[in-house]
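Enquirer: Sharing a model that was predicted from the sequence below.
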Amino acid sequence: MKYEIGARIKKYRELKGLSQKDFAILIGVGNTRVSNWEAGFNRPDVDLLASICDALEVSPGDLLGLSAQKKEPPASEDAGGVTDDQVRRAYAVAEALTPEDLEKWFEYSELLILRRKQSLPPTHRS
């Protein structure tokens with residue numbers, strides 16, 4: 001699987017005029033990690049996203065490819081009020097996470113669902 005975030009990292013790094021080595025030093029990783037991200041072999045840990053955004057002077061939305069998506073009214077809300085745009089955004093975030101961080105994200109989501117169900121009156125629980 002080839003990860004898309006690497007291409008965006010490379011684009012913004014080159015726009016800043018940074019070599020892979022200089023960029024790696026700025027964010028505190030080895031330049032081979034940057035090379036692997038940009039080649040799409042793997043992706044940065046979620047813990048590094050803030051440092052990457054700061055070094056490249058881009059928003060997390062731009063880095064994750066969320067800002068580039070066209071904002072339009074939802075075509076459908078078949079999945080309990082979830083819009084097509086929300087699904088695209090969730091997918092982009094999921095692609096940027098490591099498998100371990102993705103699992104944490106799922107666990108947190110399940111906790112939110114459980115809390116929501118517990119706060120509903122008995123007639124609204126599913």
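Expert: Received, thanks.
Enquirer: what's the closest non-adjacent residue to residue 57?
Expert: Among residues not flanking residue 57 along the chain, residue 16 sits closest, at 7.0 Å (C-beta to C-beta, 6 or more residues apart in numbering). Glycine gets a C-beta too; all of them are placed from N, C-alpha and C.
Enquirer: show me what contacts the one you found?
Expert: With contact taken as C-beta atoms under 8 Å, 6 or more residues apart in numbering, residue 16 is in contact with 23, 55-57.
Enquirer: Which one of the residues you listed is nearest to residue 96?
Expert: Comparing these against residue 96 with C-beta to C-beta places residue 56 closest, at 14.1 Å.
Enquirer: hang on, residue 20 packs against residue 35?
Expert: Yes: counting by C-beta atoms under 8 Å, residue 35 is a contact partner of residue 20 at 5.7 Å.
Enquirer: out of the two, which sits in the more crowded spot?
Expert: residue 20 (19 against 15; other C-beta atoms under 10 Å).
Enquirer: Give me the pLDDT for that one.
Expert: Listed pLDDT for residue 20 reads 95.
Enquirer: which residues in the chain form helices?
Expert: For the chain, the helices defined by DSSP state H occupy 5-15, 20-27, 31-39, 49-56, 60-64, 84-96, 99-119.
Enquirer: Chain neighbours aside, what residue packs nearest to the spatially most central residue of the chain?
Expert: By C-alpha atoms, centre = their mean, the mean C-alpha position of the chain lies nearest to residue 93, the distance being 2.8 Å. Leaving aside its chain neighbours, residue 93 sits nearest to residue 64 (6.2 Å; criterion: C-beta to C-beta, 6+ apart).
Enquirer: just wondering, since we're on the one you found, how far is it from residue 19?
Expert: Look at residue 64 and residue 19: by C-beta to C-beta, to the nearest Å, they are 23 Å apart.
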